[in-house]
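K.L.:
any chance you could fold what I've pasted below:
(2 chains)
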Amino acid sequence: MFSIPVFLQSFEPLFWAARYTLLISGLGIALGLVIGTLVCAARLSPYPVLRGFGGIWVSFLRGVPLLVQLLVFYYTLPVIGIDVPAIFAAVVTVGICASAYISEIWRGAIAALPRGQAEAAVAIGMTPRDVWMRVILPQAFTLSLPALVNELILLVKASSLVSVVGILELTRASQAQAATTFRPLEVYIAAACIYLAINLCLAALGRYLEHRTAV
Amino acid sequence: MQASAVDIRKVNKYYGPFHALKDVDLAIPPGKVTCLIGPSGSGKSTLLRCINFLEEYDSGEIRIDGQLIGYEAPGRKMSGRKLREMRRSIGMVFQQFNLWPHMTALGNVAEGLVRVRGLSKAEAQARAAEALAKVGLADKMGNHPARLSGGQQQRVAIARAIAMEPRLMLFDEPTSALDPELVGEVLNVMKTLAGEGMTMVVVTHEMGFAAHVADQVAFMEKGELVGVDSPGRILHHPEDPRIQGFLRTYHERNSF
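P.N.:
Down below sits the predicted model:
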């Protein structure tokens, strides 16, 4: 039988672990946005070397499962003499993996803009910087929001994979909790509620931004 | 003879193996309206876009008030900064309007004044409002392009160009994307501009506009400039069989 008191009690220890989920996905997303933007810029640059590098970056990171990337990164660092906490390895791997997807989301949004948008700006004598900052990027950002929110939600859920390098985040904590209390149903439903709450917040933020930047 | 506002000499342009402009020579007199007509794919728009170097020409010269555009010397490209400086005084109006959808009508017109001319925001908005009033859109300044009709959008685009106080205006089929009943309002704004002595180059399929407003009409076909003359001579008494053929098709299509 489903016990409501047990269900409610399981939230407290899970909240503790959910902070790691939030930390890893939050920092991972931030890192992914920064690197993703740079990779996108590389792929759109006039220099073939940069374009090639961006292309390889994206294909490699999209082609290997995040779980495998985590393990490779985690076990490679000590081999090359770098001793960092597991949480650092987790954030960096999640961020790098996300950057591949985010850069493609940006690139798609930029490519979707009609060429005339930039031409109108170039024709009145705007600098390339202004063309990007005032005309292309604001529109590309709005266009990319649905896909971006999608990616961020996937990322929050994918953060459960970092448990393989020993981080007690939400999924791992609920497994432990279920094993000690023998109440898996209540515990896992509580965990599901927390994931859902986080992602509903992200989706709401996305809708808010879409509304604010609507054209 | 008066110096030309735009002097096009022996201009050639290739897209890969396709020869898009073939030794085009054309002088655009200042303060006058020049219409470029011809079948689609004849190179009219390409030639127009070469004038502000949105399209790079491969050989020949295009001079704006005597100054070569796009190149320092044959084969040596102009710096981005110099090119931007020259473009500041050349307004351009596109077939698809190309208004920026994330800005209001006022924002669209003020943007260049702030970013390119360096005016303060308040001053730019005041001038933008003047330009919009001039094209009859004083009451639509706060609207985003999506809330404007095609004719209104194109008039905003004209305001965006004239607010920069250009010496030369280029129009690339400005009414081709409009519903027929909206063509008139855009042509009227263009007639007013022409009446004020603006130098204009207009790629158009509006033969009525060419006949009544143009000071000279140039006919292009297959990348060649076939003839340049007064609208009366080109449109009513053309000598070249290619122009005669084009006008015959035009009249057949438009008669009922």
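K.L.:
so residue B:72, which of the three states?
P.N.:
Assigned by DSSP: H, G, I helix; E, B strand; the rest coil, the conformation of residue B:72 is strand.
K.L.:
to clarify, my last question referred to residue B:36.
P.N.:
In three-state terms, and counting by three-state DSSP, residue B:36 is strand.
K.L.:
just checking, it touches residue B:206?
P.N.:
No - at 11.8 Å, residue B:36 does not count as touching residue B:206 under the criterion of CB atoms under 8 Å. Bear in mind the C-beta positions are built from the backbone N, C-alpha and C, glycine included.
K.L.:
between these two, who's got more neighbours?
P.N.:
Higher neighbour count among residue B:36 and residue B:206: residue B:36, with 28 against 20, using other CB atoms under 10 Å in any protein chain shown.
K.L.:
how close does that one get to residue B:130?
P.N.:
Computed as CB to CB, to the nearest Å, the residue B:36 to residue B:130 distance reads 30 Å.
K.L.:
what do you get for residue A:26?
P.N.:
For residue A:26, the distance to residue B:130 equals 48 Å [CB to CB].
K.L.:
so where do the helices sit in the chain?
P.N.:
Just going to use chain A. Using DSSP state H, the helices of chain A run over residues A:4-9, A:11-44, A:48-63, A:66-79, A:86-112, A:115-123, A:128-130, A:137-158, A:170-181, A:184-212.
K.L.:
chain B was what I was after
P.N.:
Secondary structure of chain B (DSSP H): helices located at B:44-51, B:80-87, B:105-115, B:121-134, B:150-162, B:180-195, B:207-213, B:231, B:241-254.
K.L.:
give me the below-cutoff pLDDT ranges for chain A.
P.N.:
A:214-215 (pLDDT under 70).
K.L.:
and it, which residues reach chain B?
P.N.:
Counting by CB under 8 Å from any CB of the partner chain, chain A comes close to chain B at A:114, A:116-117, A:119-128, A:130, A:134-135, A:138-139, A:142, A:213, A:215.
K.L.:
now those: which count as buried?
P.N.:
A:116-117, A:119-127, A:130, A:134-135, A:138-139, A:142 (16 or more other CB atoms under 10 Å in any protein chain shown).
K.L.:
how far away is the closest residue to residue B:103 other than its chain neighbours from residue A:213?
P.N.:
Of all residues not flanking residue B:103 in the chain, residue B:111 sits nearest, at 6.5 Å (CB to CB, 6 or more residues apart in numbering or on different chains). Residue B:111 sits 17 Å away from residue A:213, going by CB to CB.
K.L.:
cool, and residue A:187?
P.N.:
Distance of residue A:187 to residue A:213, given as CB to CB: 40 Å.
K.L.:
please apply the same query to residue A:147.
P.N.:
Distance of residue A:147 to residue A:213, given as CB to CB: 14 Å.
K.L.:
and residue B:256, by the same measure?
P.N.:
Note on residue B:256: its distance to residue A:213, by CB to CB, is 47 Å.
K.L.:
check residue A:49 too.
P.N.:
Computed with CB to CB, the distance linking residue A:49 and residue A:213 is 34 Å.
K.L.:
residue A:192 now?
P.N.:
Residue A:192 sits 32 Å away from residue A:213, going by CB to CB.
K.L.:
quick one, what contacts residue 118?
P.N.:
Just so you know, I chose chain A. A:131, A:135, A:136 (CB atoms under 8 Å, 6 or more residues apart in numbering or on different chains).
K.L.:
what about 6 Å?
P.N.:
The neighbours of residue A:118, taking CB atoms under 6 Å, 6 or more residues apart in numbering or on different chains as the test, are residue A:131.
K.L.:
quick one, phi/psi of the residue located most distally from the centre of chain A?
P.N.:
No residue in chain A sits farther from the centre than residue A:124, which is 38.0 Å out by CA atoms, centre = their mean. When read as degrees, to the nearest 10, the backbone of residue A:124 gives phi -90, psi 0.
K.L.:
thought residue A:178 was touching residue A:184, still the case?
P.N.:
Yes - using CB atoms under 6 Å, residue A:184 is in contact with residue A:178, at 4.0 Å.
K.L.:
the more surrounded of those two?
P.N.:
Each of residue A:184 and residue A:178 has its neighbours counted (other CB under 10 Å); residue A:178 has more, 17 against 13.
K.L.:
tell me how far that one lies from chain B.
P.N.:
To chain B, residue A:178 is 49 Å away according to CB to the nearest CB, to the nearest Å.
K.L.:
same check on residue A:174?
P.N.:
43 Å.
K.L.:
ok, now how distant is that residue from residue A:1?
P.N.:
For residue A:174, the distance to residue A:1 (CB to CB) stands at 19 Å.
K.L.:
more neighbours, those two?
P.N.:
For residue A:174 versus residue A:1, neighbours defined as other CB under 10 Å are more numerous around residue A:174 (25 against 4).
K.L.:
could you find the closest non-adjacent residue to the more buried one?
P.N.:
That would be residue A:191: by CB to CB, 6+ apart, it lies 3.9 Å from residue A:174.
K.L.:
residues in contact with residue A:213?
P.N.:
residue A:142.
K.L.:
now with 7 Å, please.
P.N.:
By CB atoms under 7 Å, 6 or more residues apart in numbering or on different chains, residue A:213 lies in contact with A:141, A:142.
K.L.:
single out the residue in the stretch 151-256 of chain B that lies closest to chain A.
P.N.:
For the stretch 151-256 of chain B, the residue closest to chain A is residue B:164, as judged by CB to the nearest CB, at 5.8 Å.
K.L.:
from what I see, that residue and residue A:126 are in contact.
P.N.:
No - Residue B:164 is beyond contact range of residue A:126, at 10.9 Å (criterion: CB atoms under 7 Å).
K.L.:
quickly list what's touching both of those two.
P.N.:
Common neighbours of residue B:164 and residue A:126 (CB under 7 Å, 6+ apart) are residue B:112.
K.L.:
for chain A, what are the nearby residues on chain B?
P.N.:
Residues of chain B found near chain A (CB under 7 Å from any CB of the partner chain) are B:52, B:54, B:84-85, B:87-88, B:92, B:94, B:96, B:98, B:100-102, B:111-112, B:115-116, B:144, B:146, B:164.
K.L.:
from those residues, keep the buried residues only.
P.N.:
The buried subset of the residues of chain B next to chain A (16+ other CB under 10 Å) comprises B:52, B:54, B:84, B:87-88, B:92, B:94, B:96, B:98, B:100-102, B:111-112, B:115-116, B:144, B:164.
K.L.:
among these, which lie within strands?
P.N.:
The strands, defined by DSSP state E, take in residue B:92 from those.
K.L.:
for stretch B:233-248, measure first residue to last.
P.N.:
Stretch B:233-248 has an end-to-end distance of 15 Å (CA to CA, to the nearest Å).
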